[in-house]
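>>> need a structure here:
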Amino acid sequence: MDTDGIDLHRIPREPYTDGSFHGVEFLPEDFRDVPNESTMRVNEKYSTLPAEDQGIHIINIRAIEDIGYVRTESTLLNSFSQDPDANCKYGLYFRDGKRKVDYILVYHYKKSSFSRTLTRRIHFNDLGSRNVRQDQPLPGKGGEINMEEGELHMDYHEDDKRVRREEYESNLMQAGLELERDEDTKIHGLGFVKIHAPWNVLCREAEFMKLKMPTKKVYQIHQPHGLLKKINSVIQKITEPIQPKVAEHKHQTVKRLSYPFSREKQHLFDLSDKDSFFDSKTRSTIVYEILKRTTCTKAKYSMGKGEGRKKETTLLNKRRKCDKYGITSLLANGVYSAAYPLHDGDYEGEHAEPNDRKLLCEEWASYGVFYKYQPIDLVRKYFGEKIGLYFAWLGVYTQMLIPASVVGIIVFLYGCATMDENIPSMEMCDQRNNITMCPLCDSTCSYWKLSSACATARASHLFDNPATVFFSVFMALWAATFMEHWKRKQMRLNYRWDLTGFEEEEDHPRAEYEAKVLEKSLKKEYKNKETEKEKLTWKDRFPAYFTNFVSIIFMIGLTFAIVFGVIIYRISTAAALAISSSPGGRSNVRVTVTATAVIINLVVIIILDEVYGCIARWLTQIEVPKTDKSFEERLIFKAFLLKFVNAYTPIFYVAFFKGRFVGRPGDYVYIFHSFRMEECAPGGCLMELCIQLSIIMLGKQLIQNNLFEIGIPKMKKLIRKLKQQRPGDHEEHMKKKQRYEVDYNLEPFAGLTPEYMEMIIQFGFVTLFVASFPLAPLFALLNNIIEIRLDAKKFVTELRRPVAVRAKDIGIWYNILRGVGKLAVIINAFVISFTSDFIPRLVYLYMYSESGTMHGFVNHTLSYFNVSDFQAGTAPKDTSELGYPVQICRYKDYRDPPWSENKYDIAKDFWAVLAARLAFVIVFQNLVMFMSDFVDWIIPDIPKDISQQIHKEKVLMVEVFMKEEQGKLQLLETWRDKEKRKGENCNNHSPRPSMSHRGSVSSCHSCHVDV
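This next block holds a predicted model:
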């Protein structure tokens, strides 16, 4: 007997003919031919046996049960050797065709070319008898012999993984789950473990998880009356063509009362159909909860040798107590390669059976139904509340973009209609004004006419007009209304999905966190310190925090450096084009430079987005957050911060910095003493800001959000298929794949963070700089109509089915949205004040205009410069381009003329305009913030009808329990009355009054027993 209690009995070589050894497996006869240097691994606890001990060994039955080969009667561990038939619906059910597959574990196994394989298969028949028999070999499932020395070390890891899998699966069966194995698959080297949760396990876990399930009690939902009822009926008839054709989306007039499931109160629930009481989403959630908390502690090759073995054994015992491998840790260590629930079935094909997945594909994940509402209740039923809330939020956001797009189009059309009435642009285009402007660069650039910028000035009016201010205020209120509308919609969904009163419990610690805690406790153990329950403190995490801080600062600095590099490119390219021999090149300098620079910015943004996403994940991992929720929130914060800076830095530069620090003719500001800072166009920087914003927004949505989302998953899927194909597999290829094989080829679900992130960045484009681009909501609306169907198609057809997660809100994303909405008010105030000419026009109109009109505004904003004051080497070399000598040129600034005492000093007009700009920022910001808060206050978070229904549910639940309690009391009173009457009858019918006390007691006792 070895140290772990496994009896190895030596028996003669003659084969047994007696069939009495049921449940005992015999090793092959040629086992005696094993050379001395080889080892035999019967299980994870086997000792190495010398080759001299010839004979056949029997493993004690108790030991087999210890290592998990003999299972309980509730378990079936099976391996397929033939093509699966339709009885198990191609992998959706166990081999018996009755038990549904709730979850799949996938693992890689390796069969050595130098080894013979001993395999075990255990079958459980319908009568409950157990039988262990030798069958055909299964790769990676038994002991391996005759192994080469070089291969022995390599297979240590594989054997260790096998040991952990066996123990983990044994623990799963002890938790009540039923397993079935399949290694005879079309995918070479992959084994699948199918998991089924029986009814008693589902009930137990549903009670632990406090899942709200519908009871038998049905009540009427409050319906509107009078005029409101007629309006609702009219709206339902109008919107009927755009409603999805699914049962879950139909208007409900009654609702089942829900209550947390309890095994003691099963009579409250409708259990007539136990197979459908827990749907597939709930079953997979329950199984995943068991997988997370079920652990294994065995690690075969971790013990030391020689003198250090005792200390190592002590540490190993410590490790076995602390180092528990749940499913997340087993996946991370490669023990299992994947774990996922199954899709309901095929979504296409003539012979595909009706299922929720097919229905979602037809009524949701199709571009042909883009005009319809989303079947949110069916999405939640299939994917869970967390994903359902994402698509519900995306739907609400897209709906709210419709009025914003309409108003934006009206503002744009107003700019088009009033373009010919805009006096400043008309003055700029008037050839008779003959305004000569100073050169745009040193030496090589010549003087130019202001009228040559006519097209830019007219185009600027499309976005720089009085309606833009109104649109900025409107969008600030729109953002506040959107947030309130979503909160109300969220409460309706919480009520409909039975999430009222749901509170998220603390999640299981992450595998990485437990490993870090173990490492800390082992270090203290080495130092012979007494350790209590360890946890990571801020001191343990300080290096990670410092790395995070330094890395984030570095990456933000990198973004600024790239933007600065693009600025250098713009300046140098503009100077190069100015000396071009091509007249067309010289005339289109500004357009060429702007367009190419924006494209460079777009490419850099897309590349850095992917890089920053990976870096943010790495920075979060080294922090070692305790739970998955904490990990997700920290990752979201870092990724959003980096991607926000990356996406908006070029736009911030054009909006607030370009043309602000130029200097003046004769005293320009230079970069590296050679590059002159670039200036805004005569019509202002707003037009360039519009171009920058539109190209980055549209390019990012088209390339990153759509092409990447479609192309990359398809490419990965194709590569995975090509890797798994083997030569000579034509026969197998013709066989229909099992459902779990098909799902394994799909892309793993990576979370909702990328989906939310792209929408939040888009929300920033729509709100932050909407004053410069009123058409942003329209382009966002068009993108989202495609995005909803694209994401839906990806979830239904391209991704493995995610584990359903309960959630009552969208989490940290709501706070980010509120922050972006508040920031949008401030940024739009500064855009209107400092980037556009709205405030200078108002100041001129009310302070300096002699006629009370805008005539003379352009001349008022231009200062004079005497060309004789140019610094040496900066004056234009070619002064004959205009055909006349130039003595005075103009530039855009508020400065004193050269004939004044303080020539070129800042004029008092500049300070008047600056004061007006700052005053507008303060007034606009506070007014819009007040209006937003007023909207927030006036709209209740919980709709009145929903609060009434929640209160009604509580009252009905109290009534149900009161009736139940009254029924119990009545039953108890009835039973007591019967008992009392029986006792009286017993006393009245005693045979003789003089019976002994013992006899009386015995007789009465007999009566009592009868009762």
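>>> Compute the first-to-last residue distance for stretch 433-452.
Chord length of stretch 433-452, first to last residue, is 12 Å (CA to CA, to the nearest Å).
>>> Name the residues of it that come out as buried.
For stretch 433-452, the buried set under the neighbour-count rule, 16 or more other CB atoms under 10 Å, comprises 435-448, 450-451. Using the backbone N, CA and C atoms, a C-beta is placed for each residue, glycine as well.
>>> Show me which helix runs longest in the protein.
Assignment by DSSP state H gives helix 944-988 as the longest helix of the chain.
>>> what about that one, average pLDDT?
Taken as a whole, helix 944-988 has a mean pLDDT of 82.
>>> Would you pull up how far that helix lies from the middle of the chain?
48 Å (CA atoms, centre = their mean, to the nearest Å).
>>> Output the contacting helices and strands for that helix.
strand 212-220, strand 254-260, helix 466-496, helix 997-1010 (3 or more CB pairs under 8 Å, 6 or more residues apart in numbering; DSSP states H and E).
>>> winner for burial among the ones you listed?
helix 466-496 (a mean of 20; mean count of other CB atoms under 10 Å).
>>> Packing partners of that one?
helix 376-383, helix 385-417, helix 753-767, helix 812-830, helix 838-843, helix 908-938, helix 944-988.
>>> now that helix: mean pLDDT?
For helix 466-496, the mean pLDDT works out to 90.
>>> Run the chain-centre distance for it.
Worked out by CA atoms, centre = their mean, helix 466-496 lies 23 Å from the chain centre.
>>> Likewise for stretch 162-180?
30 Å.
>>> swap in stretch 92-106?
For stretch 92-106, the separation from the chain centroid amounts to 28 Å (computed by CA atoms, centre = their mean).
>>> Quick check: phi and psi on the residue nearest the centre of the chain?
Taking CA atoms, centre = their mean, the centroid of the chain lies closest to residue 752, which sits 1.4 Å from it. With angles defined as degrees, to the nearest 10, residue 752 sits at phi -90, psi 0.
>>> For it, which non-adjacent residue is spatially closest?
Nearest residue to residue 752, sequence neighbours excluded (CB to CB, 6 or more residues apart in numbering): residue 390, at 5.3 Å.
>>> can you map out the strands along the stretch 601-750 of the chain?
For the stretch 601-750 of the chain, the strands defined by DSSP state E, counting those that start in this stretch occupy 663-664, 667-668, 670-671, 675-676.
>>> would you list the ones you listed in a markdown table and tack on mean neighbour count?
A markdown table is the format used below for these (neighbours: other CB atoms under 10 Å):
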| stretch | mean neighbour count |
| --- | --- |
| strand 663-664 | 15 |
| strand 667-668 | 13 |
| strand 670-671 | 12 |
| strand 675-676 | 19 |
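>>> Dump those strands into CSV; add distance to residue 515 as well.
Below are the strands of the stretch 601-750 of the chain laid out as CSV (distance: least, CB to CB, whole Å):
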stretch, distance to residue 515
strand 663-664, 59
strand 667-668, 60
strand 670-671, 50
strand 675-676, 53
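>>> Comparing those strands, which yields the minimum mean pLDDT?
Of all the strands of the stretch 601-750 of the chain, mean pLDDT reaches its minimum on strand 675-676 (a mean of 78).
>>> Let me see the contact set for the residue nearest to the centre of the chain.
For residue 752, the contact set (CB atoms under 8 Å, 6 or more residues apart in numbering) comprises 386-387, 390.
>>> Pull the contacting residues for the residue nearest to residue 752.
Residue 390 touches 752, 755-756, 810, counting by CB under 8 Å, 6+ apart.
>>> Any stretches of the stretch 51-200 of the chain with poor pLDDT?
Applying pLDDT under 70 to the stretch 51-200 of the chain picks out residues 51-89, 111-155, 185-186.
>>> again, only this time at 80
Filtered on pLDDT under 80, the stretch 51-200 of the chain yields the residue ranges 51-91, 110-157, 183-189.
>>> Ignoring the adjacent residues along the chain, who's closest to residue 459?
Leaving aside its sequence neighbours, residue 459 sits nearest to residue 687 (CB to CB, 6+ apart; 5.6 Å).
>>> Could you do residue 663 as well?
Of all residues not flanking residue 663 in the chain, residue 669 sits nearest, at 4.3 Å (CB to CB, 6+ apart).
>>> Where do the strands of the stretch 151-300 of the chain begin and end?
Under DSSP E, counting those that start in this stretch, the stretch 151-300 of the chain gives strands at 178-182, 190-196, 212-220, 254-260.
>>> other SSEs contacting the first one?
What it means is strand 178-182. helix 149-174, strand 190-196.
>>> Mind doing that once more with 10 Å?
strand 103-108, strand 121-124, helix 149-174, strand 190-196 (3 or more CB pairs under 10 Å, 6 or more residues apart in numbering; DSSP states H and E).
>>> Check the third one too.
Packed against strand 212-220 by the contact rule (3+ CB pairs under 10 Å, 6+ apart) you find strand 254-260, helix 944-988.
>>> In a markdown table, list the ones you listed along with distance to residue 819.
Converted to a markdown table, those look like this (distance: least, CB to CB, whole Å):
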| stretch | distance to residue 819 |
| --- | --- |
| strand 254-260 | 35 |
| helix 944-988 | 27 |
